[in-house]
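Participant: Have a look at this prediction, sequence included:
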Amino acid sequence: QAASTTATAAAAAALVMWGFFAVGLVVMACAIGWLLRRYAAPSVPYIVLATTAYAWAVSMSIVLITPIDVWAALKHQPERGIGILWRVTYWSTQVLTWLALPFFQVYADAGDFTVGGRCLTSLKENGLLYGLAGAAGAVGLLVIVVYERTLALSDLPALGMALSNTFGLSAGILLMGYGLVEIPREMWKSDPGHLLKWCAHRAGRFAEDVLRTTNELESVVTIIVANDKQMPRRDPLRPYMAAISTAAEQESPVKPSSVVASGYDMDTLAADDLEYNYDKAGLAALRRRLAAAIHDFKGAHAQYEEVIRQALDQEAIIKCRQLGVYEPPGLAAGEAGWRGYAARALWRWRCVGQPIGRKVMAALLVCFSGCVVWSEATIFTGGHPDLSPFSRAIRGSLGSEWGLQLLVMMPLAYICICTYFALFRINAFNYNKLLPRTTTGAALMQNGSLMARFAAPTCWNLLHMVNMDGVIDGQGGTTVFTQNMGTMTVLPVLGKHLNTYLPLLLVVHCLLIWLRLWDRLAGACVSSKYKFDNDDVDDQYTEKGRLLIRKEGEALANGLRIGEILAADDLELQLPGLAGRKRVKKNKTWFNFGRQQVAGSSSTAAAGSAGASSSAADGAGGASSSSGSAAAASRSERVPMLQLLTGRSDGDGEARGGLLSSLMKNKHGTSVSPPESDGDGSRSGTGLDGIFAQIGTTGQQGRARPGARMP
């Protein structure tokens, strides 16, 4: 009977444990559905949504599996299901982050016209990078084998796990340190005036992004129109060119038909802008550039609209606090009913209660961050003595299954939030950030890949924080995750020592972030793209943003939409310098890598450009003959493989960009010809500086330009 009672109690406890996991799964599924609905663009295929959802699910599920694993280990109730979940979760994250998602990310971003072509492009781009990484790994493996003579072939999987964990832990510590400091700091800054200043700064920055992406999209559509005009009707590549033109007409906010109707100047195009239609690879590059330009255009407008709405809300809150009247904007005066009462209560909370609540939450987060830093700094003690507050709290709550699992889940969820918060505050990932209803499939999969990359190392780090990375009590209990990850000790320097002593650097890193010294050091040592965004700013963007917020408020009052002042018919009066910019020639890295022009190709292309300009005026027949001769004279030749990889010069003093140098560049920044400044400096007032020199004196809002509709 005693055995029966024990079995019944164990079954009840297991039911409670899996009940906690089931509730967590429901919450996780709702969160993933909400994220996809909010951020994914309508054009993202369902297969991409499913892949991203699975990547997010296996990454988030670690926050649910770890608590039940710890509870089962402390209770000495082994569950076979936990081992299955861990293996599925861990190896899913590894396959997704290193193989599947990088392949599908490039596949979704490629401009090829067939499935085979996209697969080949993805294999080429990923194969080169992973080939170089594999070569470096092979050299490292050889060194390890020489150093650790006892290493056997069967130890290679464990060694791979150790290397993956090393990368995730090293990068995760840096990211987590930033989040541990900046999340409480941002929460503390609850004053509406400070929040409005941060909105103004971002409004100024995003306005420049809107102008830049609008100019790029107009240039790309003009290039499409010019190449379409230049291509003969019977050209074998005509169907591909027609597909690009159709996609631009259907998907682009700037329509080719509008460009043709308003007229375009061929002289504004660089010589290589007319070379896309020479072969199928060039048209694929043009299609890829079009997709990137559309995505950047819509993303910039979405960010700008969102920050303007936030700024107008903060202005309304400041006004209500000054007047002491908490009537929400947009609500009819005296409106009764439960909706009116709820709206007023919510608005009063935002005006009065939210600043106080944010400061209270910031104080709690400071304490939580301090406990995390202290626990990380005392990992080296190995639990003797046990100095981790989280470890003591978990071991003291053995009587409550849900309480114990919550105590495990809270620090794990917090350090995950800190890591991912910092990850998407780094400027290097701006091109793949999540944007409301405009995020592409490639950006979604990049996000899922980064989450999967840090999932297992973050969990392993938590088990070290709570002193459960080995035997957790005198009865020999261990977690299932420890049993799997413990095989990394085949190389102690990576599997054991790194996890024990590397977290000590977190103390120094947090101190640098708190004193705002990290960005100074990063700016002196590495590229500025690895700096974090800082909300404590008061620069030219802030001043320009304040003026933009005021003008947008006036435009909304006059019935215009947000952003229409940046796309007005009298654009040159309010935004001088945006239209008709001169562009210098810049090689298309994705089109021209591994290709060299035959002698005289540049002059031939230039002649072809001039011929196409005159043909546009004289007739379609002249355009066809001119483009045909230019295409025949400018065929490219393949270069040797060594030159393809290294980008060596051809002996004529002109350096050629190789494949590796091309792949290292930002894929969304290729083929963009920058503005050319005049020698007399007469155009020094263009851009936002010129905008704000005249925007204050221009009160009349024009209608939207036909070529640049708001998304």
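Facilitator: Structure received.

Participant: Using the three-state scheme, assign the spatially closest residue to residue 10 that is not a sequence neighbour.
Facilitator: Of all residues not flanking residue 10 in the chain, residue 77 sits nearest, at 5.8 Å (Cβ to Cβ, 6 or more residues apart in numbering). In short, each C-beta sits where N, CA and C put it, glycine included. Using DSSP: H, G, I helix; E, B strand; the rest coil, the structure places residue 77 in coil.

Participant: doesn't residue 12 make contact with residue 77?
Facilitator: No: here residue 77 does not reach residue 12: they are 11.2 Å apart, not a contact under Cβ atoms under 8 Å.

Participant: same for the top helix by length along the chain, what does it pack against?
Facilitator: The residue-count maximum for a helix in the chain (DSSP state H) belongs to helix 280-323. With contacts taken as 3 or more Cβ pairs under 8 Å, 6 or more residues apart in numbering; DSSP states H and E, helix 280-323 sits against helix 101-109, helix 192-230, helix 238-251, helix 540-557, helix 589-592.

Participant: Quick one: mean pLDDT for that helix?
Facilitator: Mean per-residue pLDDT for helix 280-323: 93.

Participant: from the middle of its chain, how far away would that helix be?
Facilitator: 14 Å (Cα atoms, centre = their mean, to the nearest Å).

Participant: Starting from it, tell me the next helix or strand along the chain.
Facilitator: helix 337-348 (DSSP states H and E).

Participant: Residue 77 and residue 12: who's more crowded?
Facilitator: Legend: neighbour count by other Cβ atoms under 10 Å for residue 77 and residue 12, higher for residue 77 (16 against 11).

Participant: ok, the more buried one to residue 11 distance?
Facilitator: Counting by Cβ to Cβ, to the nearest Å, the gap from residue 77 to residue 11 is 10 Å.

Participant: again with residue 449
Facilitator: On the measure of Cβ to Cβ, residue 449 and residue 11 end up 40 Å apart.

Participant: Equivalent analysis for residue 52, please.
Facilitator: Residue 52 is 37 Å from residue 11, by Cβ to Cβ.

Participant: Compare these two and say which is more crowded by neighbours.
Facilitator: Taking residue 52 and residue 11 together and counting by other Cβ under 10 Å, residue 52 has the greater number of neighbours (29 against 11).

Participant: Could you double-check that the more buried one sits in contact with residue 448?
Facilitator: Yes: assessed by Cβ under 8 Å, residue 52 is found in contact with residue 448 at 4.7 Å.

Participant: where in this structure is pLDDT low?
Facilitator: Within the chain, the set of residues satisfying pLDDT under 70 comprises 1-6, 148-151, 332-336, 427-432, 474-476, 486-496, 523-538, 568-711.

Participant: Hmm, residue 425 is touching residue 183, no?
Facilitator: No: between residue 425 and residue 183 there is no contact under Cβ under 8 Å: 10.4 Å.

Participant: How about residue 38, nearest residue that isn't a chain neighbour?
Facilitator: Once flanking residues are discounted, residue 38 sits nearest to residue 436: 6.0 Å by Cβ to Cβ, 6+ apart.

Participant: so that neighbour sits in a strand?
Facilitator: No: judged by three-state DSSP, residue 436 forms no part of a strand; its state is coil.

Participant: OK, contacts around it?
Facilitator: Residue 436 makes contact with 38-39, 302, 306 under the criterion Cβ atoms under 8 Å, 6 or more residues apart in numbering.

Participant: and which of those is nearest to residue 513?
Facilitator: residue 306 (26.5 Å; Cβ to Cβ).

Participant: which residues of the stretch 351-500 of the chain fall in helices?
Facilitator: With DSSP state H, counting those that start in this stretch as the criterion, the stretch 351-500 of the chain has helices at 354-377, 389-395, 401-423, 441-465, 480-485, 492, 498-501.

Participant: which of those helices sits most buried?
Facilitator: Neighbour counts (mean count of other Cβ atoms under 10 Å) averaged over each of those peak at helix 441-465, with a mean of 25.

Participant: Show me what that one is packed up against.
Facilitator: Judged by 3+ Cβ pairs under 8 Å, 6+ apart, the packing partners of helix 441-465 are helix 46-75, helix 80-95, helix 101-109, helix 156-188, helix 354-377, helix 401-423, helix 480-485, helix 498-501.

Participant: how far does it sit from the chain's center?
Facilitator: That offset, for helix 441-465, works out to 14 Å (Cα atoms, centre = their mean).

Participant: you'd agree residue 545 is up against residue 198?
Facilitator: No: contact between residue 545 and residue 198 fails when scored by Cβ under 8 Å: they sit 9.4 Å apart.

Participant: More neighbours: these two, which one.
Facilitator: For residue 545 versus residue 198, neighbours defined as other Cβ under 10 Å are more numerous around residue 545 (27 against 23).

Participant: For the more buried one, give its distance to residue 304.
Facilitator: Per Cβ to Cβ, residue 545 is found 10 Å from residue 304.

Participant: Could you tell me which residues touch both of the two?
Facilitator: Joint contacts of residue 545 and residue 304 (Cβ under 8 Å, 6+ apart) are 203, 207.

Participant: Show the contacting residues for residue 238.
Facilitator: 231-232.

Participant: how close does it sit to residue 227?
Facilitator: Separation of residue 238 from residue 227 (Cβ to Cβ) stands at 11 Å.

Participant: now residue 108
Facilitator: The gap separating residue 108 from residue 227 is 24 Å, by Cβ to Cβ.

Participant: Compare the two and say which is more crowded by neighbours.
Facilitator: The residue with more neighbours, out of residue 108 and residue 227, is residue 227; 25 against 21, by other Cβ under 10 Å.

Participant: Quick check: nearest residue in space to that one, chain neighbours excluded?
Facilitator: Leaving aside its chain neighbours, residue 227 sits nearest to residue 277 (4.5 Å; criterion: Cβ to Cβ, 6+ apart).

Participant: and what of residue 273?
Facilitator: Closest to residue 273 by Cβ to Cβ, 6+ apart is residue 223, at 4.8 Å.

Participant: Just the buried positions in stretch 274-282, please.
Facilitator: Using 16 or more other Cβ atoms under 10 Å as the test for burial, stretch 274-282 gives 274-279, 281-282.

Participant: Determine which two of those are furthest apart.
Facilitator: Farthest pair in the buried residues of stretch 274-282 (Cβ to Cβ) is 274 and 281. Separation: 15.5 Å.

Participant: can I get the helices and strands packed on helix 441-465 in a markdown table with distance to residue 208?
Facilitator: Below are the helices and strands packed on helix 441-465 laid out as a markdown table (distance: least, Cβ to Cβ, whole Å):
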| stretch | distance to residue 208 |
| --- | --- |
| helix 46-75 | 30 |
| helix 80-95 | 37 |
| helix 101-109 | 24 |
| helix 156-188 | 24 |
| helix 354-377 | 30 |
| helix 401-423 | 24 |
| helix 480-485 | 46 |
| helix 498-501 | 42 |
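
Participant: what's the closest of these to residue 260?
Facilitator: Of the helices and strands packed on helix 441-465, nearest to residue 260 by Cβ to Cβ is helix 101-109, at 28.3 Å.

Participant: tilt between the helix or strand following the closest one and helix 280-323?
Facilitator: With elements assigned by DSSP H and E, the helix or strand that comes after helix 101-109 is helix 115-147. Inter-element angle recorded for helix 115-147 and helix 280-323: 80 degrees (by axes from the mean of the first three to the mean of the last three Cα atoms, to 10 degrees).

Participant: For residue 64, list the residues it contacts.
Facilitator: Residues near residue 64 by Cβ under 8 Å, 6+ apart: 20-21, 24-25, 28, 409.

Participant: List only buried entries from those.
Facilitator: Buried among these (16+ other Cβ under 10 Å): 20-21, 24, 28, 409.

Participant: who touches the closest residue to residue 315 other than its chain neighbours in this structure?
Facilitator: Among residues not flanking residue 315 along the chain, residue 196 sits closest, at 6.5 Å (Cβ to Cβ, 6+ apart). Residue 196 makes contacts with 311, 314-315, 318, as judged by Cβ under 8 Å, 6+ apart.
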